[in-house]
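Student: Sharing a model prediction with you, sequence too.
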Amino acid sequence: MQIAFLLTQTSLLLLTHETNSLQTVDPMAVNKPLQSALHVQQLSWTVAEHRILKNIDLSVTQGDSVAFIGPNGAGKTSLLKCIAGLQQGYQGKIFLQNESLEALSTRQVAQRIAFVSQHQDTPFDLTVNDIVRMGLLANKPLLAFDDINDDEKIADALHLVGLKHKRWDSFKTLSGGEQQRILIARSVIQSPNVLIMDEPTNHLDIYYQHQILSLAKKLDLTLIFSIHNLELASQYADTLVLIDQGQIVEQGNADTVLTAERLERVFKLPCQVEPHPTNPGKRVTFFSGGTGR
Ligand SMILES: Nc1ncnc2c1ncn2[C@@H]1O[C@H](COP(=O)(O)OP(=O)(O)OP(=O)(O)O)[C@@H](O)[C@H]1O
């Protein structure tokens, strides 16, 4: 239990009983409304008369990590692309930090959002340095030269993802896990508010799946990612958004969203959900013998 003492008009001290420690707290931070990173209002997207996304409502608070889960073809990538400004022609509204996405230029969107896609093929034989350097473009005039700070930023970002030694290697020669980490390094120097990753754990072994997600979480950004592994989703995301047939079926924490009955209905397989014995989050087991899709 914490007891707050008002000491001056500009500072508060919090006495924490358990630790007996005193911490100075900015009074402006007390009762401060949570900042909105993203707000999606009645979003629908139709292509060739097929309604891919239907009336999506979603709010993401600054600093939250959110996982989109759901079966193949549910609409997870489509929704991520709309949010990242990569998909035009939708109905409804998307707000980034309370500003309408439609009112922002491509550069302004790039200053707010970094997108790491599932597919990372490059048509050219670029070095790791070239790929990471692209992250600088969001915050530089188009024809500006690199300066010494840019060089350091690239080195620091590569250090963060543990791949400084690969700086001059060809991007194409890296493993899938290394490529994902390089793309995260590129996102880091883009210094966005929101990091969006579309199935970042695809093709990665379990070690790199954990590494990528814990790295992304450590960046302290608002993180939105799609993922098929429900246990990883429950371990790394504060909020899960279950999507099926273009609609949000449920959103909330793992306890709310991951119920056996709901997962069975959506994935069409018998299912058991229990607290994970060792990790935070849930253990989800599907059994054969579903009703068919
Ligand atoms: N540009 C497009 N033109 C036509 N159909 C599209 C287009 N983009 C997506 N779709 C369709 O929209 C549906 C949702 O696709 P989306 O990639 O968003 O699903 P997903 O949930 O990410 O699936 P997965 O888990 O398989 O990656 C699919 O039926 C897909 O074929």
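Tutor: Now that the structure is in, tell me what you want to look at. Residues are numbered from 1 along each chain as shown.

Student: Could I get the full set of helices for the stretch 1-150 of the chain?
Tutor: Assigned helices in the stretch 1-150 of the chain, in chain order: 76-83, 106-112, 128-133, 148-160 (criterion: DSSP state H, counting those that start in this stretch).

Student: Out of those, which is closest to I184?
Tutor: helix 148-160 (8.3 Å; C-beta to C-beta). Quick note: C-beta positions are derived from backbone N, CA and C, even for glycine.

Student: and the closest one, how far from the chain's centre?
Tutor: 22 Å (C-alpha atoms, centre = their mean, to the nearest Å).

Student: Dump it to PDB, restricted to CA.
Tutor: Taking Å, rounded to 0.1, in the frame of the first residue of the first chain, the C-alpha atoms of helix 148-160 are listed here in PDB:
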ATOM      1  CA  ILE A 148      28.900  11.700 -37.900                       C
ATOM      2  CA  ASN A 149      25.800  11.400 -35.600                       C
ATOM      3  CA  ASP A 150      24.100   9.200 -38.300                       C
ATOM      4  CA  ASP A 151      27.100   6.900 -38.300                       C
ATOM      5  CA  GLU A 152      26.900   6.500 -34.500                       C
ATOM      6  CA  LYS A 153      23.100   6.100 -34.600                       C
ATOM      7  CA  ILE A 154      23.500   3.100 -37.000                       C
ATOM      8  CA  ALA A 155      26.300   1.600 -34.900                       C
ATOM      9  CA  ASP A 156      24.200   2.000 -31.700                       C
ATOM     10  CA  ALA A 157      21.100   0.500 -33.200                       C
ATOM     11  CA  LEU A 158      23.100  -2.500 -34.500                       C
ATOM     12  CA  HIS A 159      24.700  -2.900 -31.100                       C
ATOM     13  CA  LEU A 160      21.300  -2.900 -29.500                       C
END
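
Student: near the ligand, which residues of the stretch 1-150 of the chain?
Tutor: 47-48, 52, 70, 72-78 (C-beta under 6 Å from any ligand atom).

Student: Quick one: closest of the helices of the stretch 1-150 of the chain to P275.
Tutor: Here helix 76-83 is closest among the helices of the stretch 1-150 of the chain (C-beta to C-beta), at 25.5 Å.

Student: Mark out where each domain of this structure begins and ends.
Tutor: Domain segmentation of the chain under automatic domain parsing yields 1-32, 33-286.

Student: Make a markdown table out of these and add mean pLDDT and mean neighbour count.
Tutor: A markdown table is the format used below for the domains of the chain (pLDDT from 0 to 100; neighbours: other C-beta atoms under 10 Å):
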| stretch | mean pLDDT | mean neighbour count |
| --- | --- | --- |
| domain 1-32 | 37 | 10 |
| domain 33-286 | 92 | 17 |
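
Student: okay, these in JSON lines with distance to G292 next?
Tutor: Shown next, in JSON lines, are the domains of the chain (distance: least, C-beta to C-beta, whole Å):
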{"stretch": "domain 1-32", "distance to G292": "50"}
{"stretch": "domain 33-286", "distance to G292": "6"}
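
Student: related to what we said a few turns ago, relative to L143, which of the residues of the stretch 1-150 of the chain next to the ligand is nearest.
Tutor: Of these, the one sitting nearest to L143 (C-beta to C-beta) turns out to be T77, at 33.3 Å.

Student: How about the closest one, nearest residue that isn't a chain neighbour?
Tutor: D198 (5.4 Å; C-beta to C-beta, 6 or more residues apart in numbering).

Student: Report the beta-bridge partners for the one you found.
Tutor: D198 forms beta bridges with S226, as assigned by DSSP bridges.

Student: My read is that it contacts Q118, right?
Tutor: Yes: under the criterion of C-beta atoms under 8 Å, D198 lies in contact with Q118, with a separation of 4.7 Å.

Student: List the residues that contact the nearest residue to S191 once chain neighbours are set aside.
Tutor: Leaving out its chain neighbours, the residue that sits closest to S191 by C-beta to C-beta, 6+ apart is N139, at 6.8 Å. By C-beta atoms under 8 Å, 6 or more residues apart in numbering, the contact list for N139 reads 111, 190-191.

Student: and the residues you listed as CSV, adding distance to P280?
Tutor: As requested, the contacts of N139 are exported to CSV (distance: C-beta to C-beta, whole Å):
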residue, distance to P280
Q111, 33
Q190, 29
S191, 28
